[in-house]
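*Asks:* Attaching a predicted model along with its sequence, questions to come.
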Amino acid sequence: MNRFLLICCLLCFAVGNLLAQIRYQEPIADSILMDTFTYVEKDQTKLEMDLYQPAFDGLDLRPVLVYVHGGGFSGGQRDEPFIRDFCKRVASYGYVAVSIDYRLTRKNTETGFGCDCPAGEKLETFRAAVEDLQDATYFLIERWEQLGIDPHKIILAGSSAGAETVLNTAFQAPYCYGLDSGPVSYAGVIGMAGAIPDTTAIYRDSAVPAMFFHGTCDNLVPYGSAPHHYCPDEKPGYLMLHGSYAMAESLRKLGKPYWLNTICGGNHSLASSPMADYFDEIVKFCYDFVLMNKHVQMHSIIAGDHDCDYPAFNYCESEKTEYDED
């Protein structure tokens, strides 16, 4: 076989392999492009987003995953190395991945975000972050044709404070962004060690497919329902929060799809680890629950060997998955 024929055969083989790959289930791109945009300016501060997409990808109406970092509303950055790696990996599957800034309203405050921070200020912190995420969403939707994205397939994901932000944002009634197609709901949400202050926010019209990761020994954000940071009720920062288990129970009772991942013995340090340790599960959720609209309720229980002083759930004895599909 001459050299020309050999090159042709190799090119055909490479193209065949590329075509055989299933977009959104397997990587389809080796090269990722990243652009940075200012999506809004507040308090004389530019809030920016990094947008990642496969290089040379001409497909329109691509689903989007928007990630919000953690850091107790006082720290963290949108472009930390592990976040960049996560977004690039998501984009390699054919998604558009976005990581955003938001106002760190507890930065340089005397009371931080713990038990000395008044509950009212905590709720205001949530509200400000939700507002910023909605502004980032509006920026994307306003440019959906230019960016080649599907405004009805925006998935939110976040860790710790970022999880609290995306969960409080996602479980809202559809919002009007001025599209001819009408109000927009988020297509799904992934919360890693997050919680919300009021489960009544999850009702039939606001519930979206949800994936949760949470450790039963989380000492900051409760896995079930408990005070934030387990603050005693006499402290200014006493605020009841409802974590992943409580939110999953609300969705279960409504008959809405969810996938709860319970890490037995896990503490708050695992808030970001699912981005690497459970990446395949995240991809499966985005494809099955969001893109394919599978109506599934799942609870994966991952055994651990840690003890904690916080309320634990006694089903954490062995690794198993509970599965229910209508």
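*Replies:* Thanks, I have the structure now.
*Asks:* care to break the protein down by domain?
*Replies:* Segmentation of the chain into domains, based on automatic domain parsing, reads 1-30, 31-325.
*Asks:* Rounded mean pLDDT for the last one, please.
*Replies:* Spelled out, it's domain 31-325. Averaging pLDDT along domain 31-325 yields 93.
*Asks:* Pull out the buried positions in stretch 294-313.
*Replies:* Neighbour-count burial for stretch 294-313 flags V296, Q297, M298, H299, S300, I301, I302, G304, C308, Y310, A312 (criterion: 16 or more other C-beta atoms under 10 Å). All C-beta spots, glycine's among them, are computed from the backbone N, C-alpha and C.
*Asks:* does the fourth one belong to a helix or a strand, and which?
*Replies:* Secondary structure assigned from DSSP states H and E places H299 in strand 296-302.
*Asks:* quick one: the helices in this protein?
*Replies:* 3-20, 81-92, 119-142, 144-147, 161-170, 244-254, 274-277, 279-285 (DSSP state H).
*Asks:* show me the contacts for the residue nearest to F212 when sequence neighbours are not counted.
*Replies:* In this structure, F212 finds its nearest non-sequential neighbour in S244, 3.6 Å apart by C-beta to C-beta, 6 or more residues apart in numbering. S244 is in contact with G191, A193, G194, A195, F212, F213, H214, Y223, L260, T262, counting by C-beta atoms under 8 Å, 6 or more residues apart in numbering.
*Asks:* run the last query once more with 10 Å
*Replies:* Applying C-beta atoms under 10 Å, 6 or more residues apart in numbering, we find S244 in contact with 163, 167, 191-195, 210-216, 218, 221-224, 258, 260-263.
*Asks:* ok, the residue positioned nearest the centre of the chain - contacts?
*Replies:* The geometric centre of the chain, computed from its C-alpha atoms, lies nearest to A157 (C-alpha atoms, centre = their mean), at 1.0 Å. Residues counted as contacts of A157 (C-beta under 10 Å, 6+ apart) are 65-68, 86, 90, 97-99, 163, 166, 170, 188-192, 211, 274-275, 282, 285-286.
*Asks:* for T111, same thing?
*Replies:* Counting by C-beta under 10 Å, 6+ apart, T111 touches C117, P118, E121, K122, P236, G237.
*Asks:* Reformat those residues as JSON lines; add neighbour count.
*Replies:* Putting these into JSON lines (neighbours: other C-beta atoms under 10 Å) gives the following:
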{"residue": "C117", "neighbour count": "24"}
{"residue": "P118", "neighbour count": "14"}
{"residue": "E121", "neighbour count": "17"}
{"residue": "K122", "neighbour count": "24"}
{"residue": "P236", "neighbour count": "16"}
{"residue": "G237", "neighbour count": "20"}
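*Asks:* burial count for L260?
*Replies:* Each residue near L260 was counted by other C-beta atoms under 10 Å, and the total is 23.
*Asks:* Please look at it and G224 and confirm they touch.
*Replies:* No: L260 is beyond contact range of G224, at 11.4 Å (criterion: C-beta atoms under 10 Å).
*Asks:* who touches both of these two?
*Replies:* H214, S244, Y245, M247, E249.
*Asks:* S250 and Y258 touch, don't they?
*Replies:* Yes: using C-beta under 10 Å, S250 makes contact with Y258 at a distance of 9.1 Å.
*Asks:* Compare those two (neighbour count), which wins?
*Replies:* Y258 (26 against 20).
*Asks:* and the more buried one, what does it touch?
*Replies:* By C-beta under 10 Å, 6+ apart, the residues touching Y258 are 188-189, 207-212, 244, 247-252, 285, 289, 296-299.
*Asks:* Show me the strands in the stretch 201-326 of the chain, by range?
*Replies:* Ranges of strands in the stretch 201-326 of the chain, per DSSP state E, counting those that start in this stretch, are 210-215, 225-227, 240-242, 258-263, 296-302, 320-325.
*Asks:* who does the longest one pair up with?
*Replies:* So the one you mean is strand 296-302. Its sheet considered, strand 296-302 pairs with strand 258-263 (parallel), strand 320-325 (antiparallel) by DSSP bridges.
*Asks:* quick one on the thing from earlier: I'd like the distance between the residue nearest to F212 and K253.
*Replies:* 15 Å (C-beta to C-beta, to the nearest Å).
*Asks:* what does L140 give?
*Replies:* For L140 relative to K253 (C-beta to C-beta), the value is 32 Å.
*Asks:* hmm, back to that, return the member of the shared contacts of L260 and G224 nearest to V130.
*Replies:* M247 (15.9 Å; C-beta to C-beta).
*Asks:* sorry, back to before: widest-spaced pair of the shared contacts of L260 and G224?
*Replies:* Longest span within the shared contacts of L260 and G224, C-beta to C-beta: H214 and E249, 12.6 Å.
*Asks:* Looking at these two, which is more packed in?
*Replies:* More crowded of H214 and E249, by other C-beta under 10 Å: H214, with 30 against 17.
*Asks:* about what we covered before: redo the strands of the stretch 201-326 of the chain as CSV? Include distance to L61.
*Replies:* Listed next are these as CSV, based on distance: least, C-beta to C-beta, whole Å:
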stretch, distance to L61
strand 210-215, 22
strand 225-227, 39
strand 240-242, 35
strand 258-263, 25
strand 296-302, 24
strand 320-325, 27
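*Asks:* Cheers, nothing more for now.
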